[in-house]
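**Student:** Output the structure for:
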Amino acid sequence: MSWKNTEHRYGPLAIGLHWLMLILLVAVYASIELREFFPKGSDPRTALKTLHFMLGLSVLGLALLRLGVRLSGPTPRIVPEPGSWQRLSAKFMHIALYVLMIGMPLLGWLTLSAAGNPIPFFGLQLPALIGENKDLAKQIEEIHGIIGTAGYFLIGLHAAAALFHHYIKRDNTLSRMLPRRDRAQVLNAVQA
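**Tutor:** Numbers count the residues shown, from 1 in each chain. Below is the predicted model:
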């Protein structure tokens, strides 16, 4: 079995990275949203913010790896082929998602740097990207928050488009990104 993409479907590496990114993004968003349930300055709130920072930086690493995998092989064809406006909108959506997955962690890193805060990463302290500037930190943090809100819509629209293609258009858009199950596995699951 090849780990690479083919003309017909994504390879196991691309599929695994895609679904791992989904789990990671859910955890990033959950950690920052759940912190609101705890009072400012409390240990759980601080722990959730730290987790948010570390998971966000993990998104950056995984996004760069995904981009490398995406550029290293063919993109599987959609059958039946969608119209040109759908291909163009899909291209813009994927660009926007990569900008989100790479840009947001960098904005977070810049925010921590400008605030003069440590940049934790699972036991490591990463270097500051810029010097301390509290006013700049607030500005970057505001941009980070606005783009984070837009990220909910981008991710939701991406998922809705995949479901639309699967259930309405009945093409292979979604199935190209699902793990392959051989016929015996499917039969055993149905019979169980």
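
**Student:** For Pro120, see how far away the nearest residue to Ser113 once chain neighbours are set aside is.
**Tutor:** Closest residue to Ser113 apart from its sequence neighbours, by CB to CB, 6 or more residues apart in numbering: Ala128 at 3.8 Å. (Glycine included, C-beta is placed from N, CA and C.) With distances taken as CB to CB, to the nearest Å, Ala128 is found 12 Å from Pro120.

**Student:** before we move on, what about Leu71?
**Tutor:** Counting by CB to CB, the gap from Leu71 to Pro120 is 30 Å.

**Student:** Out of those two, name the residue with the larger neighbour count.
**Tutor:** Pro120 (16 against 8; other CB atoms under 10 Å).

**Student:** so who does the more buried one touch?
**Tutor:** 50, 53-54, 126 (CB atoms under 8 Å, 6 or more residues apart in numbering).

**Student:** tell me which of these is nearest to Ile140?
**Tutor:** Lowest distance from Ile140 to the contacts of Pro120 (CB to CB) belongs to Phe53, with 13.7 Å.

**Student:** so where's this structure uncertain?
**Tutor:** For the chain, the stretches with pLDDT under 70 are 1, 181-192.

**Student:** Which strand or helix spans the residue most central in space within it?
**Tutor:** Central residue of the chain (CA atoms, centre = their mean): Met21, 4.6 Å from the mean position. Under the criterion of DSSP states H and E, Met21 resides in helix 12-34.

**Student:** give the contact list for Ala128.
**Tutor:** Contacts of Ala128 by CB under 8 Å, 6+ apart are 112-113, 116, 119.

**Student:** mind listing which of these are in helices?
**Tutor:** If you go by DSSP state H, the contacts of Ala128 have 112-113 in helices.

**Student:** mind checking which helix or strand Ile140 is in?
**Tutor:** Assigned by DSSP H and E, Ile140 falls in helix 134-164.

**Student:** Please apply the same query to Thr46.
**Tutor:** Here Thr46 is assigned to helix 43-71, by DSSP H and E.

**Student:** from the chain's centre, how far out does that helix sit?
**Tutor:** Centroid separation for helix 43-71 versus its chain: 9 Å, with CA atoms, centre = their mean, to the nearest Å.

**Student:** That one - contacts with which helices or strands?
**Tutor:** Applying 3 or more CB pairs under 8 Å, 6 or more residues apart in numbering; DSSP states H and E, we find helix 43-71 packed against helix 12-34, helix 84-115, strand 119-121.
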